[in-house]
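# pasting a predicted model and its sequence here:
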Amino acid sequence: MAQILKEITPTANNIIITYDKYSEEEVNEEIREFGLAKHNVGDLKEIQKVISAGPMCRQCQKDTLIVFNPSHYAQKLHKDGSIKDGVIMDNPVVNYKFRTIDIDGKELLFANEQDIDFIVNKVEYKKLPTKSNVIKPDMRIIQAASGITTLK
């Protein structure tokens, strides 16, 4: 018989937050709007939502929007052969090892209130106009330079 957690309350100042990541569609949208991707597919989104908070959490409660700081979960690893004559020759590879919990079939982050950079009090989502990377020349300048005139 499998146990499926439906709802939990974290202890002390622990919190359960969403584990939202950037999808392929969102990254492709960034490329269309800005000409490049600011994020990678699978990167953790900046703004997360608190699902449940422990009794000692002072500033965040359920449904609070927060900015999560993953720096406490970073692991610096060096590739094999990266140490030569006692000197590290390359930058460490950073991996993140998050504590996750499966509640009602949804993967969530189990974190601490100190892992929150700040609480989002108000946010506005606005569709940005699509920018084109193609620079189109002004045809009037080209026609004037070449002596071509058009009748309208």
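Looks like it came in fine. Residues are numbered from 1 along each chain as shown.

# and A111, what does it touch?
14-17, 68, 99 (CB atoms under 8 Å, 6 or more residues apart in numbering). The C-beta positions use only the backbone N, C-alpha and C, and glycine is treated the same way.

# show the buried residues in those.
By neighbour count, with 16 or more other CB atoms under 10 Å, those hold 14-17, 68 as buried.

# quick revisit: restricted to strands, list the contacts of A111.
14-17, 68 (DSSP state E).

# how about the helices in this protein?
Along the chain, the stretches classed as helices by DSSP state H are 24-34, 139-146.

# weakest of those in terms of mean pLDDT?
Mean pLDDT is lowest for helix 139-146 among those, at a mean of 68.

# K62: how many residues sit nearby?
12 (other CB atoms under 10 Å).

# use 11 as the first number for this chain going forward.
Right, with 11 as the first residue, what we last looked at is K72.

# relative to I126, how far out is it?
Taking CB to CB, to the nearest Å as the measure, K72 falls 14 Å from I126.

# next: E40.
25 Å.

# low-scoring stretches of this protein, by residue?
Along the chain, the parts satisfying pLDDT under 70 run over 89-101, 138-147, 149, 151-162.
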